[in-house]
Every structure is written in structure tokens, then in C-alpha cells.
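Participant: Provided below for reference: sequence and predicted model.
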Amino acid sequence: LLQSVIGDLARFADVTLLGSGDFGQPFDGLPGVNVVCEYEIDELAGLVVAMRPDCALMLSVLPESYSYTLSEMMALGVPVVATRMGAFMERIEDGENGFLVSADAAAVISRLRELDADRVALERVATTLRKRAVRTAFDMVKDYHGLLRMESDASSSRSGEGLLQVLFERTQLEDSLAAEKVKAARFEADVHAHSALVKNREGRIAELEARIAELEADVAGLARARVEYEAVLASTSWRVTRPLRSISGLLSGAFKSSSAVGCPVVEGCAVGAAPLRQEDVSAGPEDPASGGEHRESTEEFNVSAPLPGCEANAFPACSIAACRRLVRERLGLPDCAFVTAAAGSVEAFKRFVKLAGSVSKCNTHVAFVWLGSWPAVDAGCRLEADILVETRDLFLPDDINTIDWVPGADIYLLTDTDNDAYRQSALEAGVRVLPADSLEADAGAMLEVFRIGT
């Protein structure tokens, strides 16, 4: 019967054949099966405690007369699943102090799967067994004496009576020792269970302490951001650019009320930012000394020429200057602000935020614009980005044709998954294009590239 069920049983349970002798050798090496051929009787309690079995399986196909193995498992508090025959059927009350099953492979597997799904039934039987007193050989002899009403034989010699008394006392001591071993095994199992519980709780406490440390760091970061934000609001540049922000708000309201393209919100800005259109950049600042002709100033920033092999600049100098001006107006930035733009993957966004954070600590005239919506980043990167948005060092235009913003930037940073259209637009507008490794540069190196004093 065991050979018929061992394959299916090992798929959902760990099986140990304890004291199987030579009979267990054919099963040795099967997946999920452990074979212990021999053990000393004094080792039984320790072996059972170490294994911590959910139940003991007794698959006799012939009736048992008593079954000492059943007595041992019951004394150790292990629920027994046995075939419904012989002593098993007489001594086990199904569902109370054990479980009975037909001597059929399918019935055995079905009952074990039920018990695997309903561990409450197993625990209830185990609790019953642990509370039940262990019956010793002395108790059984006493029961027989009560049934047979044995009387001492007056003709027995005194020497025979003395020998019987010694044997009786020895049996009592052996039974007491066995009962104490069972108690010790149960106590050891309880200690092991409590130790595991304490270990789990210590791990949970460590996790909570780590989480508390993270939250405290977040609170400290928000406090620093609040100080920086208040410093920005009190700065001269914020007061000087207030008229520009007011004008931008009026223009935004005009755009919303007209039939033209609506004005989407730019995260990190106090006002909306309308898409840049070709008609918006049709005229730039005029030079009175040159008869009203348009001109573009390149004195403040070093703008590189298009790379060889690219098409000629599609924007006249005046249109580029006007585009730069409109970008800064929509972001609420002064004309002297230095705009750095980029687009790409989540990893590129993380490096872009890190670069913006390091540069913003050294110079507040550099603005970083990410051409895309919020990527799905971890909490630490999101917190750092939120702080940079609050301090108006990082801008994320949302729901707009972001490619129209590229000609208004001073630098466009290439990334690992760069958009060819953005890159081409930057080159055509004469925007300085830097390679992807620029995202790994430190603040000092980037400020040298920007040619701005710290």
C-alpha cells in the first residue's frame, strides 16, 4: 500500500520512513523521501521532536493486535492516520484522537490532502493527545488486577513474593522514566516553537525600526526642502520675475478662452505652459542699431553648431532667440536662466534627477527640463524629484508637444534610449548636444560645461 501511495504523497508532503529497516531501502533516494532504517529506542523521542511531523502514517493491510507504535506516537502527541482494521479501529476514534482511512491508495491520498488543507483538524487531535495522560505498563497491569481480582497465593514462598515485588517496582521505575522522557520531548518541542516565534518577532521589529529610520530621513529631507523653498520665495530672483509670471498667467487664461490649443499644466510651475508653436517664435528681439533686424545673442552661453552631415539650421537666429524667451516665460524663469533638457528611460530620469540635485546646490540659475511625464521610479528618487520641483530646479511639462521645447534649451543631454526626433530638433536649432556620459558627471564638471560661475 505504501508503494502505491508514495509517488503521489511525495508531491505535496515530505515523507520520512522511520525505523523501516531493509524494507525502506527501495524508497531511499526518491524525491521528497527520507529513510531512517534503524534507531535506538531511547532516540525515538528526540528524532520525532527534530522532525516535527504533522502526522504519522500507519498503512497496515493486516489487522494489528495492539500496535506499540501507535502507543508511542500517541504518547508523543503525533496524530496518526491508520487503516480501518484491527487494533487501529478499536483504539482510534476518527477525528478525536486520530484518523481512520480505508486500506485503498486513492482513499489514503484523498484523506491526506483533506488534512493538508484543514490543518485545524490535525492541531485539534494533537492538542487532545498532549493533554491525555500516558498509560504505562504499570497502569495496564493494575487494570488486569482489577478485572481478574487476583489474590496472593498463600502457598507462595516468601522468596517468590520478594522477587515479584522487585520486578514490580522496577516496572514502575521504567514506566516513570519513559513518562518523564515524553514530558521532556514535549517541553523541548514547545521551547523550539517559542524560539521560532521570538525570532520571527525580532525580525519584524528590525523591519519596523528600519522603516522608522527611512521615515525620519524623509521628514528631515522635507524639512530641508521647506527651508530651501522659503529661501527661494525670499530671493531677489523670485521677486524680480514676479511680473513675468503674472503676464504668463494672463496669457495662459487668454489661450484657454480662445479656440487655440489649450494650455496644459507644467509640473513645478505656478502657471500653465502652452505648446510652443512656429507662429510664437516668428519674431525675436529687435536690434535698433541694425534697422530692426532680428538677432540672436550668443554672448552668455556657448551654443555649438550643428554636427557635420546634418541639414542646415531650420530656425533663423531670431526665431531661436524668441523660442528661448517663450520657454523661459512659460516656465516662469528669468531670461538669464540656463535650460538643460533631456528625455529617455526610467534609468536616464534617475540620473537626470541626481545631476539636477547636485548642480542646484552650486548654482540656482540652471533649470532642468524633463521632456516627458513622471516615470515610475522608487520612493527615494520620487522624493528627490519632488523637492527639485518645489524649489523650481526641475520641470516636467505634461500633455504637450515636448519636441517644440527643444529649440528653447541651451543644452540637450543624450540618454541611453534617446529620441531621434528630439536629437534632430536640437541639432537643427543649434542647441548644444552632450553625450550620454554627461549624466554621470559631477556638479563641478557640468558647471564648467555650462560656463557659469558657482
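Facilitator: Perfect, thanks for sending it.
Participant: okay but residue 440 is in contact with residue 352, surely?
Facilitator: No - counting by C-beta atoms under 8 Å, residue 440 does not reach residue 352; the two are 11.0 Å apart. Quick note: C-beta positions are derived from backbone N, CA and C, even for glycine.
Participant: So which of those two has more stuff around it?
Facilitator: The residue with more neighbours, out of residue 440 and residue 352, is residue 352; 23 against 10, by other C-beta atoms under 10 Å.
Participant: Which helix or which strand is home to the more buried one?
Facilitator: According to DSSP states H and E, residue 352 maps onto helix 346-360.
Participant: in that helix, what's buried?
Facilitator: By neighbour count on 16 or more other C-beta atoms under 10 Å, the buried set for helix 346-360 is 348, 349, 350, 351, 352, 353, 355, 356, 357, 359, 360.
Participant: Save the residues you listed as CSV, and put in pLDDT too.
Facilitator: Shown next, in CSV, are these (pLDDT from 0 to 100):
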residue, pLDDT
348, 86
349, 88
350, 89
351, 87
352, 88
353, 89
355, 88
356, 87
357, 86
359, 84
360, 81
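Participant: coming back round to it: would you mind extracting the C-alpha trace of the helix holding residue 352 into CSV?
Facilitator: Output in CSV follows, covering the C-alpha atoms of helix 346-360 (Å, rounded to 0.1, in the frame of the first residue of the first chain):
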residue,chain,number,x,y,z
VAL,A,346,13.5,55.5,-16.2
GLU,A,347,17.2,55.0,-15.5
ALA,A,348,18.0,58.1,-17.5
PHE,A,349,15.4,60.0,-15.5
LYS,A,350,17.1,58.9,-12.2
ARG,A,351,20.5,60.0,-13.4
PHE,A,352,19.0,63.3,-14.7
VAL,A,353,17.4,64.0,-11.3
LYS,A,354,20.7,63.2,-9.5
LEU,A,355,22.5,65.6,-11.8
ALA,A,356,19.9,68.3,-11.2
GLY,A,357,20.2,67.9,-7.5
SER,A,358,24.0,68.2,-7.4
VAL,A,359,24.1,71.2,-9.8
SER,A,360,21.2,73.0,-8.0
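Participant: other SSEs contacting it?
Facilitator: Under the contact definition 3 or more C-beta pairs under 8 Å, 6 or more residues apart in numbering; DSSP states H and E, helix 346-360 sits against strand 366-370, helix 379-390, helix 443-450.
Participant: Out of those, which is closest to residue 214?
Facilitator: helix 379-390 (8.3 Å; C-beta to C-beta).
Participant: who's in contact with the closest one?
Facilitator: Identification of contacts with helix 379-390 by C-beta atoms under 8 Å, 6 or more residues apart in numbering yields 218, 221-222, 224-225, 228-229, 267-268, 349-350, 353-354, 356-357, 360, 368, 374, 377, 394-396.
Participant: What of stretch 57-73?
Facilitator: Applying C-beta under 8 Å, 6+ apart, the set of residues contacting stretch 57-73 is 1-2, 5, 44, 48, 56, 80-83, 85-88, 91-92, 103, 108, 112, 135.
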